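Enquirer: Predicted model follows, preceded by the sequence.
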Amino acid sequence: MRHPLLSAALILAAGTAQAQDLLFPPGEDPRFDWASFEAFKSDHDLTGQSVTIAGPWTAEDEVTFRRVFEYFEAATGATVNYAGSDSFEQQIVIDTSAGSPPDIAVFPQPGLARGLAAQGKLAPLPADTGDWLRENYAAGDSWVELVTFPGSDGQSHVYGFPYKIDVKSLVFYSPENFAALGYEVPRTMEDLKALTERIAADGGTPWCIGLGAGATTGWPATDWVEDMMLRIHPPEVYDQWVTHQIPFDDPRVVEAIDEFGWFAKTDAFVDGGAGGVGWIDHRDSPTGLFSIPPRCFLMHQASFIGSFFPPGTEFGTDVDFFYMPPYASRPELGSPVLGAGTTFSLTRDTPVAQAFLEFLRTPLAHEVWMAQTGFLTPLKTANLDAYGDPTLRGMGEILVNADTFRFDASDLMPGAIGAAAFWTGMIDYVAGDTAAEAAGMIEQTWESLARTGGVDG
């Protein structure tokens with residue numbers, strides 16, 4: 001049966017790409033690892049065969065992904081048929097249930113892949129995948145844990161290959177404003193808190209924090225809490241929290257919420273005062289960095305927020321960023337990074353699909369997208385010089401220097417928690433509830449779902 005997503009309007013690949021059609025001609029650009037491409041090419045002749053891939057990438061991401069897989073086509077003689085959809089999460093469930101999946105599915109949320117693996121709808125990746133990720137990805141153990149699930153056989157296997165990652169542990173600031181007042185980029189959380197107090201003492205407002213997001217209001221606070229969890233507790237505690245092995249109102253979780261509250265619930269620390277945090281739209285909050293005089297000096301957000309900066313904003317000049325620092329008092333926790341991203345899984349185990357996942361192990365498969373836009377990788381052998389601009393390179397350096405990587409907790413929790421109760425609880429918290437009260441409400445929701453069979457208790 002033809003895969004429903006692969007309609008004529010959506011199929012990107014019209015035929016096998018030739019070397020002369022590639023965005024970066026082989027051998028001509030020294031930033032790329034052409035040896036990895038040639039080695040892969042010499043080992044794979046798949047002329048006349050094809051592989052179908054379905055994923056969430058549309059528009060610009062769809063175009064840039066095509067420019068990557070064209071190298072697979074040129075190396076192997078195979079054809080890639082990719083279908084991107086804004087409703088991928090719903091469609092992949094329909095297609096796998098109907099027995100008409102693509103060969104490869106690109107999951108933006110590991111939780112969805114976990115569920116399909118448990119139903120026997122995914123094939124385990126090659127047995128050496130876990131060892132390869134540990135050796136070649138920064139914080140490799142974290143990635144292996146992220147993509148290892150129990151299958152329908154009751155045994156745990158690696159079901160995903162992480163590729164195209166987003167970093168959330170970022171703080172944005174204006175270099176000009178910092179220079180004018182003699183502020184320096186903090187290297188520890190203690191320094192960041194001291195800087196916050198100094199800005200307030202100087203008569204400025206340290207932070208822009210906006211939790212407004214229409215129907216999803218509250219979600220920016222979840223990133224704050226998740227970053228704090230990774231900076232005051234071991235990653236194992238974070239994992240237990242995500243999977244409800246400890247309750248949401250565990251004292252360690254309450255402590256992380258209060259760490260966020262230190263910044264967000266102090267009137268002098270936030271643009272609009274603590275009362276404005278819950279209703280200021282997160283897309284509007286960056287404007288405070290660029291106003292004259294500045295309405296704030298710092299903003300914690302993910303890498304996507306640049307899309308909401310004023311037109312013509314120049315990174316490195318008008319705005320820059322630094323890594324949300326760790327606590328000097330907790331050196332054993334290293335430099336954790338919070339983020340999100342996509343993973344490739346086998347929904348039909350075919351030789352061409354296996355070859356494509358092998359292609360993703362080559363540095364070139366990462367460097368081609370690095371040189372374009374909107375792509376970060378934890379692959380240690382990828383050349384950082386391949387990044388298309390210094391902003392991406394800086395974020396990429398944060399990723400490859402991470403000791404621990406953890407996926408966004410709210411995306412891993414059941415939807416009724418991570419995409420509802422967690423958001424609401426954080427709005428209640430900034431509006432006046434204590435951290436214990438907000439966490440208790442979320443825990444009550446989780447327990448209720450467990451009692452009714454909505455989630456695994």
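Expert: Thanks, I have the structure now. Numbers count the residues shown, from 1 in each chain.
Enquirer: so where does the residue nearest the centre of the chain fall, helix or strand?
Expert: Centroid check for the chain by Cα atoms, centre = their mean gives residue 340 as the closest residue, at 1.6 Å. Here residue 340, judged by DSSP states H and E, is contained in strand 336-346.
Enquirer: Centre of the chain to the helix or strand following that strand, how far?
Expert: Counting by DSSP H and E, the next helix or strand C-terminal to strand 336-346 is helix 351-359. Put simply, helix 351-359 sits 24 Å off its chain's centre (Cα atoms, centre = their mean, to the nearest Å).
Enquirer: Which strands or helices does helix 351-359 pack on?
Expert: strand 50-55, helix 59-76, strand 104-107, strand 336-346 (3 or more Cβ pairs under 8 Å, 6 or more residues apart in numbering; DSSP states H and E). Just so you know, the C-beta spots here come from the backbone N, C-alpha and C atoms, and that holds for glycine as well.
Enquirer: Let me know the angle separating that helix from helix 59-76.
Expert: Angle between the axes of helix 351-359 and helix 59-76 is 110 degrees (criterion: axes from the mean of the first three to the mean of the last three Cα atoms, to 10 degrees).
Enquirer: Now the helix or strand containing residue 135: buried residues?
Expert: Assigned by DSSP H and E, residue 135 falls within helix 129-136. Neighbour-count burial for helix 129-136 flags 129-130, 132-133, 136 (criterion: 16 or more other Cβ atoms under 10 Å).
Enquirer: Please, where are all the helices along the stretch 201-350 of the chain?
Expert: Here the stretch 201-350 of the chain has its helices, by DSSP state H, counting those that start in this stretch, at 219-232, 235-242, 251-264, 287-290.
Enquirer: Show me what the last one is in contact with.
Expert: To tie it back to what came earlier, the one meant is helix 287-290. Around helix 287-290, the neighbours that count as contacts under Cβ atoms under 8 Å, 6 or more residues apart in numbering are 172-174, 177, 205, 208, 271, 294-297, 299, 309-310, 313, 318-319.
Enquirer: To residue 101, which of the helices of the stretch 201-350 of the chain lies closest?
Expert: Of all these, helix 235-242 sits nearest to residue 101, with 27.1 Å by Cβ to Cβ.
Enquirer: Quick check: buried residues in that closest one?
Expert: Using 16+ other Cβ under 10 Å as the test for burial, helix 235-242 gives 235, 237-242.
Enquirer: now the residues you listed as TSV including pLDDT?
Expert: What follows is the buried residues of helix 235-242, written out as TSV (pLDDT from 0 to 100):
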residue	pLDDT
235	96
237	98
238	98
239	96
240	97
241	98
242	96
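Enquirer: Confirm residue 405 sits in a strand?
Expert: Yes: counting by DSSP: H, G, I helix; E, B strand; the rest coil, residue 405 falls inside a strand.
Enquirer: quick one: contacts for it?
Expert: By Cβ under 8 Å, 6+ apart, the contact set of residue 405 is 138-139, 142-143, 146, 165, 336-339, 378, 399.
Enquirer: Need the pLDDT of it.
Expert: With respect to pLDDT, residue 405 has a value of 96.
Enquirer: What is the neighbour count of residue 276?
Expert: Per other Cβ atoms under 10 Å, the neighbour tally for residue 276 reads 18.
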